[in-house]
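*Asks:* take this sequence and fold it.
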Amino acid sequence: MNVIETTLNDVYIIEPKVFGDNRGWFMESWSKRDLAAAGIHCDFVQDNQSFSAQKGTLRGLHYQLNPKCQSKIIRCTKGTILDVAVDIRQGSPMYKKWIAVELSAENKKQLYIPRGFAHGFVTLTDDVEVQYKADNYYAPDCDGNIRYDDPDIGVDWGNGDFILSEKDQKAPYLKDRTNLNFVYGENK
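*Replies:* A predicted model of the protein is given here:
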């Protein structure tokens, strides 16, 4: 498993080793040992899966507040997405910076996003399935979101008429989120 640094501190691309022959292929999609060797220490407790029927479905930007914040490993097991992580940790040298990585069933790449980041993705194909591991359970009382098109962040989602949930359509801008409790260096 290759763990690749990105331009965003503490966010990594994970490339599993894929072994194939005339029958198909095999890969380890997650290895606690390999991630620990790369400095990523998480005790994942929940797996989640989503399905999006149409290209242009945008989910995000989502996060969970402390004490229930989450690290995640995201992978796309059907179709293709543009996966986005935004640093929202107070005091971070990368505050409000973002990274986007194309994840697909074909390339098998994954994205590790630590605690203190907002996360979202847009589907680039129809019939998309996304799976991710989380190191904390979902907690509705700690759930939060930020507008996907916040001009202070400036994520480039590409062109299109995006399909959004009502919750994401009504999400506030980052500057209006006064309850953020992520501090750089404290949430690993």
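
*Asks:* only C-alpha atoms from now on, for both contacts and neighbour counts.
*Replies:* OK.

*Asks:* low-confidence ranges, the chain, go.
*Replies:* Along the chain, the model assigns pLDDT under 70 to residues 187-188.

*Asks:* this protein: strands as residue ranges?
*Replies:* According to DSSP state E, the chain carries its strands in the segments 2-5, 12-15, 18-21, 24-27, 46-52, 58-64, 72-78, 80-87, 98-104, 110-113, 117-123, 128-134, 143-145.

*Asks:* the ones you listed: which one's closest to residue 170?
*Replies:* strand 143-145 (9.3 Å; CA to CA).

*Asks:* can you give me the buried ones in that closest one?
*Replies:* For strand 143-145, a neighbour-count test (16 or more other CA atoms under 10 Å) marks 144, 145 as buried.

*Asks:* let's have the strands of the chain in CSV, adding distance to residue 179.
*Replies:* Formatted as CSV, the strands of the chain follow (distance: least, CA to CA, whole Å):
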stretch, distance to residue 179
strand 2-5, 30
strand 12-15, 27
strand 18-21, 42
strand 24-27, 40
strand 46-52, 25
strand 58-64, 11
strand 72-78, 21
strand 80-87, 15
strand 98-104, 20
strand 110-113, 21
strand 117-123, 14
strand 128-134, 22
strand 143-145, 9
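
*Asks:* looking at these, which is nearest to residue 161?
*Replies:* Of all the strands of the chain, strand 58-64 comes closest under CA to CA, at 9.7 Å.

*Asks:* my read: residue 56 touches residue 123, true?
*Replies:* Yes - between residue 56 and residue 123 there is a contact under CA atoms under 8 Å: 5.2 Å.
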